[in-house]
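**Q** what shape does this take:
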Amino acid sequence: MVDGNQPFTVILDFAVSTDPNYSGLDPADVDYLNIDGDTTGVKSVSVIAGSTMLVSESGGSAKFEVVLTEMPTANVDINIWSDTPAEGTVTEPAAGTITFTPATWNMPVTVTVSGVDDLIADSNQLFTVVLDTVASADPGYSGFDPADVSFVNVDDDTPGITVLAGSAMTISESGTTSSFEVVLNSEPSASVSIDVWSDDITEGAITTPASGTLTFTSLNWNVQQTVTVTGQDDITVDGNVGFFVFLNTAVSTDPNYNGLNPDKPNVSFINVDDDNPGITVNIGDGLITKEDPVTPKFDTFEIVLNSQPTDVVTIGPIISGDENEVTVSDASITFDTGNWNTPRTITVTGVDDWVVDSMNPQKIPVDLGTASSTDTNYDGMDPGDVTVYNIDDETMPEVIVLYGSSGFITTENGASAHIKLVLNSQPTADVQLNSITSDNVNEGIVDTPSIIFTPSMWDSPQTIIVTGVDDGMDGDGNISYTVDFGFTSSTDPLWNNVDAGGANLTNIDFVSTDDYLLLNNTGTFTSIIGSGNEKLITFEDIDHYDTYAPEDEGFQYVPIGFPFYYMGLPRDSVTVYTNGFLSFSPYHNTANIFVNGFLFADSADTDANLFVDILAPLWDDLTTADAGCSVYYETIGSAPNRVFTIEWSNVRVVGTNDVYTFQLKLYESMNVIEFVYGPSTDGMQKTTACLGIKEGTGGANHFIDAIDGDRITLTSAPKYEDKDRDYADIPVINSLISFDPN
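**A** Residues are numbered from 1 along each chain as shown. Below you'll find the predicted structure:
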């Protein structure tokens, strides 16, 4: 039939989905033209295109076709061009001209149009591809004006401020620096200024930019600008201190950028104290990864030494507890005397397992191994483990509680628990918890009733600090209580009125020396020497200006390997002395005064107050200088049942031939202290050796004598307690003395 060119439409119906963002959306229909194959005698040019054609600034293109309706008697030429080349160009045919001949008149010619990227957030732009009037010697076609084609170039530029920083940034008091970068996401129409500042300039100062202001223009908007923070030395032993570098909202006459917040408005830093040996592991606000089949989310943490070692220190092997959930970038790391204070960054990356996990998020331990070095301060030191939370990508909105390895513990002595919360997916609006409460304020109180997650910080953990309260009721035992997080409030309907859950905590009853039960039993002495886990303690001279060798009057810091609660406060290391005792104090006495009269001191005397929180299995004037004399330590077992042991082996009382072997053991979770005694040789002389435990200064009954159970009140000045005993009073082999706070 000679019915002319006939239009028809392919209909795309409404979308159907349980995703409310897509359900009901109506995609555009597509118009077509069926060219009549039967001649009519009318010569014209058919343009086959949709009503509006889409291209994009990211390089997307679209096509339409041109064909004649009748055979021409001569060639037919049509010029094609874009009326706005800055938005779209004709890329095919490259010459910009279509030519039909009497032999090819009925073969449609394809015209390809591509979008042009202008780097400016200028929204979607209209333009037209113009088909000029026909040029031909055939009078039936000459001067015919084909239809033009309308296009839309889809903008791909979104205004934004990107902060390129890890979740854990580390500097040190020795003056090391750490940097992060800031860049705009699109070209602004005017200058954009962003002020940066440190909330604690005594710990970290911004040295670049010197003015404290970043300025971007239309010429440098896509060039990363660096913010450098330098550690400040406060010459005090204050531990590693955290602070934030804040980025204010942008200021500009470009309305797209004025008042815009950076995607990360604050960057977390830690200034590492440079006074004591140790390994700092900085996980920032917590390690969060997320499953994604295309671009899985990663996170980073940093490891740095606290002091300069005397030789190379290697930490490892670093092993993921489940490589199907989380992978680790480095198997081990090495520090030397030159780069010990330069933090090493470890990257952990989430692995997509394509299933809805039974537990969300997956809590994956990463074992950091132990340090190995000829430097005895670092050899065998355990930096501990870190926990990575891999968030599932197939879950409903949920507030995630990031638990510690031992749960949440507070104490009536004032220890706090840190509860970290994070969302498992990005909201479209702020999500607020407005009613964070403790159900028993007589046992634990929270530091804030409200926290907020923003769409740009949904995966940055927010911390709630819960502090134990002394209820004044001695002996009421450990009390469980709950911190309730309430329900969320948000204008994002998926995140509104979500039950945020809560956390169960235990407040440990107030502990003093009066609470420790002294038990004398018979045990079995087993030496740790030769076990393969033991580490030899090399003592340092207590006073480099005296005449005593460190084997006679010496000390050394030793890591416990797990949190041990003594007098209701968590301790992670001890100071071991040659003279048969240790202290939980992080300091050591600087004077060569080791009379055990200091054990009973409670005064303002500096040396006396360094002897606090003492455990003394056998405090006497001992030496480790003889052949066969040594002191070892080890930590064995698995959490939460690890055991820490120190063994004084064949130590001799100065000025005598009396030799003793004994151990001190600390038990994780139970917090029990044990003195275990091995073989000894002694004469029937008198001794003033002291055996027992002591807490800090202040108050009464601060020392428990392990032999007779006396609870001795401290005095205002150092003194000798009357402990004139026969050596027969010293516990014999396989004697076991324990102190149980439970």
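**Q** just how off-centre is stretch 65-81 within its chain?
**A** Distance, stretch centre to chain centre, for stretch 65-81: 66 Å (C-alpha atoms, centre = their mean, to the nearest Å).
**Q** state the mean pLDDT of it.
**A** Taken as a whole, stretch 65-81 carries a mean pLDDT of 94.
**Q** and it, what's buried?
**A** 66-70, 72, 75-76, 78, 80 (16 or more other C-beta atoms under 10 Å). Bear in mind the C-beta positions are built from the backbone N, C-alpha and C, glycine included.
**Q** farthest-apart pair in those, please.
**A** Spanning the widest gap among those are 70 and 80, at 20.9 Å by C-beta to C-beta.
**Q** list the beta-bridge partners for residue 287.
**A** On the basis of DSSP bridges, residue 287 takes part in beta bridges with residue 388.
**Q** got a list of what the nearest residue to residue 517 once chain neighbours are set aside touches?
**A** Computed as C-beta to C-beta, 6 or more residues apart in numbering, the closest residue to residue 517 that is not its neighbour in sequence is residue 740, at 4.6 Å. Contact analysis of residue 740 by C-beta atoms under 8 Å, 6 or more residues apart in numbering lists 516-517, 519, 670, 672.
**Q** ok so, going back, distance to residue 418 added to the buried residues of stretch 65-81, as CSV?
**A** As requested, these are arranged in CSV below (distance: C-beta to C-beta, whole Å):
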residue, distance to residue 418
66, 70
67, 73
68, 78
69, 79
70, 83
72, 83
75, 82
76, 79
78, 73
80, 67
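**Q** nearest to residue 22 among those residues?
**A** Closest to residue 22, out of all of the buried residues of stretch 65-81 and judged by C-beta to C-beta, is residue 66, at 36.0 Å.
**Q** just checking, that closest one touches residue 131?
**A** Yes. Between residue 66 and residue 131 there is a contact at 7.2 Å, judged by C-beta atoms under 8 Å.
**Q** show me the shaky parts of the stretch 601-742 of the chain.
**A** 601-611, 682-686, 696-701, 713-726 (pLDDT under 70).
**Q** how does it look with 90?
**A** Applying pLDDT under 90 to the stretch 601-742 of the chain flags residues 601-614, 619-621, 639-640, 653-658, 669, 680-691, 694-732, 741-742.
**Q** got a winner among the contacts of residue 740 for most neighbours?
**A** Counting neighbours by other C-beta atoms under 10 Å, the top entry in the contacts of residue 740 is residue 516, with 23 neighbours.
**Q** for that one, give me its contacts.
**A** 673, 693, 704, 739-741.
**Q** filter these to the buried ones?
**A** By 16+ other C-beta under 10 Å, those give 673, 693, 704, 739, 741 as buried.
**Q** now do residue 88, the pLDDT please.
**A** For residue 88, pLDDT reads 92.
**Q** what about it, how many residues nearby?
**A** Neighbour count for residue 88, taken as other C-beta under 10 Å: 27.
**Q** name the nearest of the buried ones among the contacts of residue 516 relative to residue 553.
**A** The nearest member of those to residue 553, counting by C-beta to C-beta, is residue 693 at 22.0 Å.
**Q** pretty sure the closest one is touching residue 615, no?
**A** Yes. Using C-beta under 8 Å, residue 693 is in contact with residue 615, at 5.4 Å.
**Q** the helix or strand hosting residue 634 pairs with which strands, parallel or anti?
**A** In the assignment (DSSP states H and E), residue 634 maps to strand 630-636. Strand 630-636 has the following sheet partners, assigned by DSSP bridges: strand 535-536 (antiparallel), strand 643-653 (antiparallel).
**Q** the shortest one: how far from the chain's middle?
**A** Taking the mean C-alpha point of strand 535-536 and that of its whole chain, the gap between them comes to 32 Å (C-alpha atoms, centre = their mean).
**Q** give the next helix or strand downstream of that strand.
**A** Next along from strand 535-536, by DSSP H and E: strand 540-541.
**Q** partners of that next one, with directions?
**A** When DSSP bridges is applied, strand 540-541 pairs with strand 554-566 (antiparallel).
**Q** circling back to that earlier point, what touches both of residue 66 and residue 131?
**A** 45, 47, 78, 146.
**Q** can I get the residues you listed in a markdown table with distance to residue 340?
**A** Shown next, in a markdown table, are the shared contacts of residue 66 and residue 131 (distance: C-beta to C-beta, whole Å):
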| residue | distance to residue 340 |
| --- | --- |
| 45 | 78 |
| 47 | 73 |
| 78 | 74 |
| 146 | 76 |
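**Q** which residues in this structure form helices?
**A** Under the criterion DSSP state H, helices of the chain are mapped to 606-610.
**Q** one step back: which one of the shared contacts of residue 66 and residue 131 is nearest to residue 330?
**A** Nearest to residue 330 among those, with distances taken as C-beta to C-beta, is residue 47, at 60.9 Å.
**Q** what residues are up against that closest one?
**A** Contacts of residue 47 by C-beta under 8 Å, 6+ apart are 64-66, 131, 146-147, 149.
**Q** and the nearest residue to residue 519 once chain neighbours are set aside, how close does it get to residue 649?
**A** Excluding its sequence neighbours, the residue lying closest to residue 519 (C-beta to C-beta, 6+ apart) is residue 738, at 4.7 Å. Using C-beta to C-beta, to the nearest Å, residue 738 is found at 21 Å from residue 649.
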